[in-house]
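1. Provided below for reference: sequence and predicted model.
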Amino acid sequence: MSGGSGFFGHAITGNNVANTFADHYTFTVGAGSSIFADTFSSSGNAKNGLDILDLSLFNADGLVLKGTQLSTGKTDQWELSSGPLAAGNYFLLVTGTVLSKAAGSYTGSATVSAVPEPATYGMLLGGLGLVGALARRQRKSSDAA
């Protein structure tokens with residue numbers, strides 16, 4: 001994924017109380033890309049549904065970034081935001097525990113932002129130069145009048 005977004009999640013059926021889950025979501029990024037990811041689970045009260053324990057980013061060498069828990073209880077929410085990443089394969093890991101006999105689920109999203117190519121910067125500078133030249137030419141025309 002050189003740039004883009006996607007959704008992920010897991011629905012857990014009832015009668016799984018005290019079971020745990022560890023879900024992997026894999027993707028590939030280009031050099032300099034960054035990722036923002038979040039995950040969310042909600043239930044009627046803090047003793048039902050799922051307890052999300054972690055959201056982390058890994059590569060082949062191990063842990064890259066640990067997420068931050070924003071809320072827990074009736075609503076569990078985690079997010080992570082990276083700086084520039086090396087090109088390669090990565091995975092998000094979502095772990096948690098089933099709190100009750102009731103079914104539960106979580107959803108998440110991930111957005112990979114690509115670093116602009118050098119040619120993009122060249123086009124930007126060329127465009128700014130052209131706008132500047134036109135503005136200067138118009139100013140000279142209005143000064144002469």
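-> Ah, there it is.
2. give the pairing partners of the helix or strand residue 10 falls within; include direction for each.
-> In the assignment (DSSP states H and E), residue 10 maps to strand 4-12. Looking at strand 4-12 with DSSP bridges, its partner strands are strand 104-113 (antiparallel).
3. and the partner strand, C-alpha only, in PDB?
-> The C-alpha coordinates for strand 104-113 follow below in PDB (Å, rounded to 0.1, in the frame of the first residue of the first chain):
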ATOM      1  CA  GLY A 104     -18.700  -8.900  20.700                       C
ATOM      2  CA  SER A 105     -16.800  -7.200  17.900                       C
ATOM      3  CA  TYR A 106     -14.300  -4.500  17.100                       C
ATOM      4  CA  THR A 107     -13.700  -2.400  14.000                       C
ATOM      5  CA  GLY A 108     -10.600  -0.500  12.900                       C
ATOM      6  CA  SER A 109      -9.200   1.500  10.100                       C
ATOM      7  CA  ALA A 110      -5.700   2.200   8.800                       C
ATOM      8  CA  THR A 111      -4.500   4.900   6.500                       C
ATOM      9  CA  VAL A 112      -1.100   4.900   4.800                       C
ATOM     10  CA  SER A 113       0.200   8.200   3.600                       C
END
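4. show residues contacting that strand.
-> 1-12, 25, 27, 29, 33-41, 43, 48-50, 52, 55, 76, 92, 94, 96, 98 (C-beta atoms under 8 Å, 6 or more residues apart in numbering). For glycine as for every other residue, the C-beta is placed from the backbone atoms N, C-alpha and C.
5. filter those residues to the buried ones?
-> The neighbour count (16 or more other C-beta atoms under 10 Å) marks 1, 8, 10, 12, 25, 29, 33-35, 37-41, 43, 48-50, 52, 55, 76, 92, 94, 96, 98 as buried among the contacts of strand 104-113.
6. now the strand holding residue 10: mean pLDDT?
-> On average, the pLDDT along strand 4-12 is 93.
7. can you flag which of the contacts of strand 104-113 belong to strands?
-> Within the contacts of strand 104-113, residues falling in strands by DSSP state E are 4-12, 25, 27, 29, 34-41, 50, 52, 55, 76, 92, 94, 96, 98.
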